[in-house]
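Just to be clear, the model below is a prediction. Sequence and coordinates:
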Amino acid sequence: LKKYGFLLFYRHFTERIFPLETNAVTKVVTDEISITAKFISDLKMFAITKGLDLVEAIILFIIGYILCRYIRKAAEHILEKSNVDPSAKTFISEIIFFFCLAIVAIVALGTAGVAAGTLAAAFGGVGLAIGLGLKDNIGNVASGIFILIFRPFRVGDYIQVGSNQGTVTDIRIMYTLISTLGNQMIVIPNSSLINSVIKNYSAFETRNLEFTFDVGYGTNLPKCIALLKQIFTEDDYVLNKENLPVYVSALAESSIRIYVRAQVDRQKYFDAQNELYIRVKEAFDQNGIDIPFPQIVVHQAKE
């Protein structure tokens, strides 16, 4: 009443002083007051009719989110005690979490008063938009499922992808974690893994150590080959002592190259490599076998 009384007084006052502009100003003020009053009225009506439903929906979503987290932890606990491959444990638990969270969101929206048909249409539209906007991420999810089904590698395997190599620590929905020997964590999208050449050094129980030793052209090759066979066959790391390949592989520019391939336990690969290099170097020094440096012989032309 005070607002409308002030408006009437303002209208009566301005009509006497500014008779030409009074109608336009009064109309603007009246419209603004009407819009504001209608907005406040609609807001009150919405709060009365839908406010309680919104509060219930928010509370329901919060409780459901907490329950989804507990369900994920319970799934992880069950998977740890089961015979499920370690590669799939995190992946399955995250799928369960997001599936339960989607159900909670649908129930919360229904509690808020959203009709089932509207809800289905909205989820369809949102799903299409998300699918178009996150097509690369969906490809990562599909690639993660491909990895779990065909198992080109597992958690704990030592792999190389491009210039990156290390031990697989976890396979998740969107990406795979690799821990390098330098204690660095590499995050590789699953789609990149599927589209790249993967070297899995842990696919077999044994690995081959390939050596190429350069010796001088004045070396007694039969004696050198016999010495290498003795070193490798007497070493505890070498598993293929009976069929150890040792042969001359090339006559290089500055040296003769001798190739040796030793089979060792994959978990002792680096220890075996270190020990064999040291033993060969010591044996070459004791027997006077030269390991030449790259060199170029230049002949001066006679004048």
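Received the coordinates, thanks.

can you map out the helices along the stretch 51-200 of the chain?
Assigned by DSSP state H, counting those that start in this stretch, the stretch 51-200 of the chain shows helices spanning 86-111, 116-133, 135-150, 190-194.

Compare the mean pLDDT across those and name the weakest.
Note on the helices of the stretch 51-200 of the chain: helix 116-133 shows the lowest mean pLDDT, a mean of 57.

How many residues are close by the closest residue to Leu101 other than its chain neighbours?
Excluding the flanking residues, the one nearest Leu101 by C-beta to C-beta, 6 or more residues apart in numbering is Cys68, at 4.9 Å. Placement of C-beta: from N, CA and C, glycine included. Cys68 has 19 neighbours, counted by other C-beta atoms under 10 Å.

Equivalent analysis for the one 3 residues further on, please.
Around Ile71 there are 16 other residues, counting by other C-beta under 10 Å.

so who does it touch?
Ile71 is in contact with 96-97, 100, counting by C-beta atoms under 8 Å, 6 or more residues apart in numbering.

hmm, who's touching stretch 237-257?
Residues external to stretch 237-257 that are found in contact with it (C-beta under 8 Å, 6+ apart): 206, 212-217, 219, 221, 225, 228-229, 232-233, 258-265, 268, 271-272, 275-276, 291-295.

partners of the host helix or strand of Arg257, with directions?
Using DSSP states H and E, Arg257 maps to strand 256-265. Paired neighbours of strand 256-265 in the sheet (DSSP bridges): strand 206-215 (antiparallel), strand 246-251 (antiparallel).

Comparing the ones you listed, which comes out most buried?
Mean neighbours per residue, mean count of other C-beta atoms under 10 Å, is largest over the strands paired with strand 256-265 for strand 206-215, with a mean of 16.

what pLDDT, on average, does that one get?
Here the average pLDDT along strand 206-215 is 94.

In TSV, list the contacts of Ile71 along with neighbour count.
What follows is these, written out as TSV (neighbours: other C-beta atoms under 10 Å):
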residue	neighbour count
Ile96	17
Phe97	19
Cys100	19
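
re the thing from before, could the strands paired with strand 256-265 be laid out in JSON lines, adding distance to Ile171?
Shown next, in JSON lines, are the strands paired with strand 256-265 (distance: least, C-beta to C-beta, whole Å):
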{"stretch": "strand 206-215", "distance to Ile171": "23"}
{"stretch": "strand 246-251", "distance to Ile171": "39"}
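
how about the ones you listed, which one is nearest Lys73?
Set against Lys73 and scored by C-beta to C-beta, those come closest in strand 206-215, at 37.7 Å.

Buried residues, the helix or strand following that closest one. List them.
For strand 206-215, the succeeding helix or strand toward the C-terminus, using DSSP H and E, is helix 221-234. Residues 224-225, 227-228, 231-232 are the ones in helix 221-234 that count as buried (16 or more other C-beta atoms under 10 Å).

Point out where the stretch 151-300 of the chain drops to low pLDDT.
Residue ranges of the stretch 151-300 of the chain with pLDDT under 70: 295.
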